[in-house]
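*Asks:* Sequence plus predicted model, see below.
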There are 2 protein chains.
Amino acid sequence: MKPNTKPRIAVDAMGGDNGPSIVVPGAVRAAREHGLSVTLVGDESAISTELFRLDTAGLDISVVHAGDVAEMHEKPSEILRRKTDTSIQVACRLVKDGLADGVVSAGHSGATTACGMFIIGRVRGVKRAAFASVLPTVKKPMVLLDVGANVDSKPQHLFQFGIMGEVFARDVLGYERPRVGLMSIGEEEGKGNVQVKEAFDLLKASSMNFKGNVEGRDVFTGDVDVIVCDGFVGNVALKLSEGLAMSLGKVLKRELLGSWLGKIGTFLAKGRLKRFAKFVDYAEYGGAPILGLNGIVIVCHGASNEKAITNAVKMAGQFVRSAANEHIKEELQSNQDLSACA
Amino acid sequence: MKPNTKPRIAVDAMGGDNGPSIVVPGAVRAAREHGLSVTLVGDESAISTELFRLDTAGLDISVVHAGDVAEMHEKPSEILRRKTDTSIQVACRLVKDGLADGVVSAGHSGATTACGMFIIGRVRGVKRAAFASVLPTVKKPMVLLDVGANVDSKPQHLFQFGIMGEVFARDVLGYERPRVGLMSIGEEEGKGNVQVKEAFDLLKASSMNFKGNVEGRDVFTGDVDVIVCDGFVGNVALKLSEGLAMSLGKVLKRELLGSWLGKIGTFLAKGRLKRFAKFVDYAEYGGAPILGLNGIVIVCHGASNEKAITNAVKMAGQFVRSAANEHIKEELQSNQDLSACA
C-alpha cells in the first residue's frame, strides 16, 4: 500500500450462511467507520440489491462480479482445480494483481485458506503461513497461532509464527511490546516435546519479548499477548475452547431455567448475563487472520453477523494500514540466522 | 487380587494441602462405603490423631509409618535418588511387594507419577503408562488420555492408550461398550498429523468400538466415552479446560455481582448456580488415574477435599475389584499384531 492511500479490502460478498444480506451491510459499515476502500466480490445483481438499500454516499465502494460460488460440500482442492470464477478466487486474484490489499471471507474456510496460499502466496522469507485466532482473556484479547494451517511444524516454523504473532499483536491489536509465550506442558525451560524444546531456544535467542513456556491454563489469563504452537495443538485448543464455552453455557442455562427461583434470578440478572455472553462472542473479534501471505486474508465464521463482518474488514484494514507485512519482513530479516537454522 | 477379597488401597496420608486432616477421613469414608481395605501411609502419630477422632469400628484400616515427605519444591528425580522413606515411596512399595493393590495420593504429583512408573512398574505388554483424566460432559463423564505422561508418542502408544482407556471406561465408569475417538483436527479419515494418521489405522483395525477422529469441541459433548491423544496435546487440552472454566467463572461472577439487579438475581438463582459450579468441580471425579501400571495409582489435586479423596479411593477400589489390569492384558493380547507394529 502506498502512503496516504486507503487500505483496499476485497470482501467475498457471497460468503457466510446469510450471504450478501449480512456481508454487504457489514462491509459498507467498515468502509464508512474506518475509511476503507471496499470491493464487494460476487453476484453483481445480488450485491446491487443490497447496496441499493444502504446509504453509500461518499464511500469508496466498488463491485466486481464473480459468477460462481464455492459450495460448502466441495473440497478446496476440487474448487481450485475445477472452478476459476468463485467469489473467493476472484477476491484473492484482486490481491495477486495488485488491485486489493486484503481479503475477508465468511465462506468456505478451506477454500479461502487454499486460495490465500496458492493464489496470493507467501511473504518472501515466510516458510509457512499460519492461522491465528484472537481469543478473549480475563484482561485483554490475545493471539493464538497456529490454529490449524500446519501440522508437524518444524521448530523454525514455530519461531516464525512467533514473529508473525508479535507483529500482529503490535500492529493490529496495538500492544506496545507484545509478550510472546510458547505453548508447552510445564513452565520450566526444557519441558515439552522435541519440537517445542528446539523452538524454545530459537525464541529465546531472538529479539522478541519472549516470556518462555506457557501452559494451556495461561491462554485465558491474559498474562501473555501471543502464544505460539503447532497447528495440531492450536486447533485442538481452539475447538476445545469453543466446545467448552458452549457446553458451559448450555449447562448454565439448563440449571438456571430449571427452577422458578432460578428463572426469576436469571430475569433480574439478564443484562449482566448478556455481558457474560459477550465475553465468549466471536463477533467481537471478527475473524481469524492467515498471517504470512502477500496481503492479508481474514477468515470469518460462517454464522458471522454484520458486526463480525465489520470487525473483520476493520481488522484487515488495520493490518494493511499499519504495514504489518513490512514489519514481518523486517523482523524475519533481523532474525535471519534463527529462522534459517534447521 | 484374589477373588472375594477386598481391594487393598494404600493411601498417602501426608499428601495434599491439608494432609492427614482431610486425607484420613476421606479414606476412612471410602473404606466404609465401598468395603475396601485401606492402609494409611505416613507419620504414624499424625495419622493416629486423626483416626482417633473417627468411628472406624469394623473397618479394615491399617497404618504403615513413613518417616519422610516428598516436598513440593523437590524434583521427582531428586526424591527418588535421595529419599527412600517418603509416604508416596512407601505406599508404592506396598504395591510392589504385593501388600496393596493400588495407591492414592494428593501429594507431589510428579513424585507420585515417578514412583508409580519406577517402583510399581508397567503391566506386561504396556509400552507406556498413560495419565488419564475423567472430564464432565453435557451427558456423562468421559476419559481423556494421555494428559501428560508421554510426549512424542508413537502411533502404537496411542493405540495402547485406546485399549487402556476403553477398559477403564468399561470397568470403572461402567460403560457397556465404550465409544473410542481419536483426537484430530478434522473428522474425516486422513486428517491430522503423521502420528495420528497412523494411529487411526491401528484403532480402526482393532476390536475396539472405534468412532474415528474427533475434534477439540467433541470433548464436552459426551458423544464419545474415550478420547485418545498424545500427552502434549492432552495436557494442553486439560489445562486449557481448567483455565477456561476458571476464567469464565471469574467473568460470570464479575458480571453478576457488578450491578444490584445482578446481585439480587444471583441470590435468587444461588442454588442453581451451585449446581452449575458442581459441573466443573473436580472433587466429583476424585483424581487422575495412571493406567498401565502393575496396580493402579490415582493422582489427586493438591487442593482435594474429603469428598475428592473418598471418590479417588473408591475409583482405585473399583479398578481393582473389576480386575481392569487383567482385561488390559487380555485386550493387548488379542490385539497383539497391532500394538507390536511400528
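*Replies:* Ah, there it is.
*Asks:* Contact partners for the spatially closest residue to residue A:129 that is not a sequence neighbour?
*Replies:* Spatial nearest neighbour of residue A:129, chain neighbours left out: residue A:292 (3.8 Å); criterion: C-beta to C-beta, 6 or more residues apart in numbering or on different chains. Every C-beta, even on glycine, is put in place using the N, C-alpha and C of the backbone. Contacts for residue A:292 (C-beta atoms under 8 Å, 6 or more residues apart in numbering or on different chains) come out as A:122-123, A:126, A:128-130, A:160, A:164, A:328.
*Asks:* so how far is residue A:337 from residue A:203?
*Replies:* Noted for residue A:203: a distance of 13 Å to residue A:337, by C-beta to C-beta, to the nearest Å.
*Asks:* higher neighbour count, the two?
*Replies:* residue A:203 (26 against 10; other C-beta atoms under 10 Å in any protein chain shown).
*Asks:* Would you check that the more buried one makes contact with residue A:229?
*Replies:* No. Using C-beta atoms under 8 Å, residue A:203 is not in contact with residue A:229, being 12.0 Å away.
*Asks:* which neighbours do those two share?
*Replies:* A:158, A:182.
*Asks:* OK, contacts around the residue nearest the centre of chain A?
*Replies:* For chain A, the residue nearest the mean C-alpha position is residue A:288 (1.6 Å; C-alpha atoms, centre = their mean). If you count contacts by C-beta under 8 Å, 6+ apart, residue A:288 has them with A:131-134, A:147, A:298-300.
*Asks:* One more: residue A:85?
*Replies:* Contacts of residue A:85 by C-beta under 8 Å, 6+ apart are A:66-68.
*Asks:* Filter those to keep only those in contact with chain B.
*Replies:* Checking the contacts of residue A:85 against chain B by C-beta under 8 Å from any C-beta of the partner chain, not one of them is in range.
*Asks:* Make a ChimeraX selection of the buried ones in those.
*Replies:* One line in ChimeraX is enough to select the buried members of the contacts of residue A:85, burial here meaning 16 or more other C-beta atoms under 10 Å in any protein chain shown:
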select /A:66,68
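*Asks:* for the contacts of residue A:85, which one is nearest chain B?
*Replies:* residue A:68 (24.3 Å; C-beta to the nearest C-beta).
*Asks:* For residue A:211, give its distance to residue A:228.
*Replies:* Distance, residue A:211 to residue A:228, by C-beta to C-beta: 11 Å.
*Asks:* returning to what we had before: output the contacts of residue A:85 in TSV; the columns should cover distance to residue B:184, secondary structure and pLDDT.
*Replies:* Shown next, in TSV, are the contacts of residue A:85 (distance: C-beta to C-beta, whole Å; DSSP: H, G, I helix; E, B strand; the rest coil; pLDDT from 0 to 100):
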residue	distance to residue B:184	secondary structure	pLDDT
A:66	33	coil	96
A:67	36	coil	93
A:68	31	strand	92
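*Asks:* between the contacts of residue A:85, which is closest to residue B:188?
*Replies:* residue A:68 (24.3 Å; C-beta to C-beta).
*Asks:* Am I right that that closest one is in contact with residue A:87?
*Replies:* Yes. Proximity of residue A:68 to residue A:87 meets the contact threshold set by C-beta under 8 Å, at 7.5 Å.
*Asks:* what bits of chain A have low per-residue confidence?
*Replies:* Scanning chain A with the threshold set as pLDDT under 70 gives A:1-4, A:256, A:258, A:261-262, A:265-285, A:341-342.
*Asks:* what are the phi and psi values for the closest residue to residue A:116 other than its chain neighbours?
*Replies:* Closest residue to residue A:116 in three dimensions, ignoring its sequence neighbours and counting by C-beta to C-beta, 6+ apart: residue A:297, at 3.9 Å. Backbone torsions of residue A:297, given as degrees, to the nearest 10, read phi -120, psi 130.
*Asks:* what's the answer for residue A:290, then?
*Replies:* According to degrees, to the nearest 10, residue A:290 has phi -100, psi 110.
*Asks:* For the closest residue to it other than its chain neighbours, name its beta-bridge partners.
*Replies:* Closest residue to residue A:290 apart from its sequence neighbours, by C-beta to C-beta, 6+ apart: residue A:297 at 4.5 Å. For residue A:297, the beta-bridge partners are residue A:103, residue A:290 (DSSP bridges).
*Asks:* need the contact list for residue A:297.
*Replies:* If a contact means C-beta under 8 Å, 6+ apart, then residue A:297 has A:92, A:102-105, A:112-113, A:115-116, A:120, A:289-290 as its contacts.
*Asks:* Relative to residue B:191, which of the contacts of residue A:85 is nearest.
*Replies:* Nearest to residue B:191 among these is residue A:68, at 26.4 Å by C-beta to C-beta.
*Asks:* Please name the bridge partners of that closest one.
*Replies:* Beta-bridge partners of residue A:68, as defined by DSSP bridges: residue A:86.
*Asks:* Residue A:295 versus that one, what's the distance?
*Replies:* 22 Å.
*Asks:* now residue A:106
*Replies:* In terms of C-beta to C-beta, residue A:106 sits 18 Å off from residue A:295.
*Asks:* out of these two, which sits in the more crowded spot?
*Replies:* The residue with more neighbours, out of residue A:106 and residue A:295, is residue A:106; 31 against 27, by other C-beta under 10 Å.
*Asks:* neighbours around residue A:137, how many?
*Replies:* 20.
*Asks:* Which residue comes closest to it once chain neighbours are left out?
*Replies:* Nearest to residue A:137 is residue A:222, by C-beta to C-beta, 6+ apart, at 3.4 Å.
*Asks:* and that neighbour, what element?
*Replies:* Taking DSSP states H and E as the definition, residue A:222 sits outside all helices and strands.
*Asks:* for it, what are its contacts?
*Replies:* Residue A:222 touches A:137-140, A:142, counting by C-beta under 8 Å, 6+ apart.
*Asks:* and the stretch 51-200 of chain A, which residues reach chain B?
*Replies:* Residues of the stretch 51-200 of chain A lying near chain B (C-beta under 8 Å from any C-beta): A:137-138, A:148, A:151-152, A:183-185, A:192-194, A:196.
*Asks:* ok, residues contacting stretch A:317-337?
*Replies:* A:1, A:7-9, A:30, A:34-36, A:101-102, A:123-126, A:159-160, A:163-164, A:166-168, A:170-172, A:206-207, A:289, A:291-292, A:294-296, A:339.
*Asks:* is it true that residue A:15 lies in a strand?
*Replies:* No. Under DSSP: H, G, I helix; E, B strand; the rest coil, residue A:15 sits outside any strand and is assigned coil.
*Asks:* Now the stretch 1-150 of chain A against chain B: closest residue?
*Replies:* In the stretch 1-150 of chain A, the residue that lies nearest chain B is residue A:138 (5.1 Å; C-beta to the nearest C-beta).
*Asks:* what helix or strand is residue A:198 on?
*Replies:* If you go by DSSP H and E, residue A:198 is part of helix A:194-205.
*Asks:* How about the longest helix seen in chain A and chain B, any contact?
*Replies:* When chain A is parsed with DSSP state H, its longest helix is helix A:231-256. Yes. Counting by C-beta under 8 Å from any C-beta, chain B is contacted by helix A:231-256 at A:231-233, A:235-248, A:250-252, A:255-256.
*Asks:* any idea of the angle that helix forms with helix B:194-205?
*Replies:* 60 degrees (axes from the mean of the first three to the mean of the last three C-alpha atoms, to 10 degrees).
*Asks:* quick one, domains of chain A?
*Replies:* Structural domains assigned to chain A are A:6-126+A:292-321, A:134-283, following automatic domain parsing.
*Asks:* so how far is residue A:202 from residue A:208?
*Replies:* Taken as C-beta to C-beta, the span from residue A:208 to residue A:202 is 10 Å.
*Asks:* swap that for residue A:51, please
*Replies:* 49 Å.
*Asks:* Residues in contact with the helix or strand that comes right after the helix holding residue A:198: which ones?
*Replies:* Following helix A:194-205 in sequence order, the next helix or strand is strand A:209-214 (DSSP H and E). Contact with strand A:209-214 is made by A:162, A:166, A:177-184, A:186-189, A:191-192, A:196, A:200, A:203-204, A:223-224, A:227, as judged by C-beta under 8 Å, 6+ apart.
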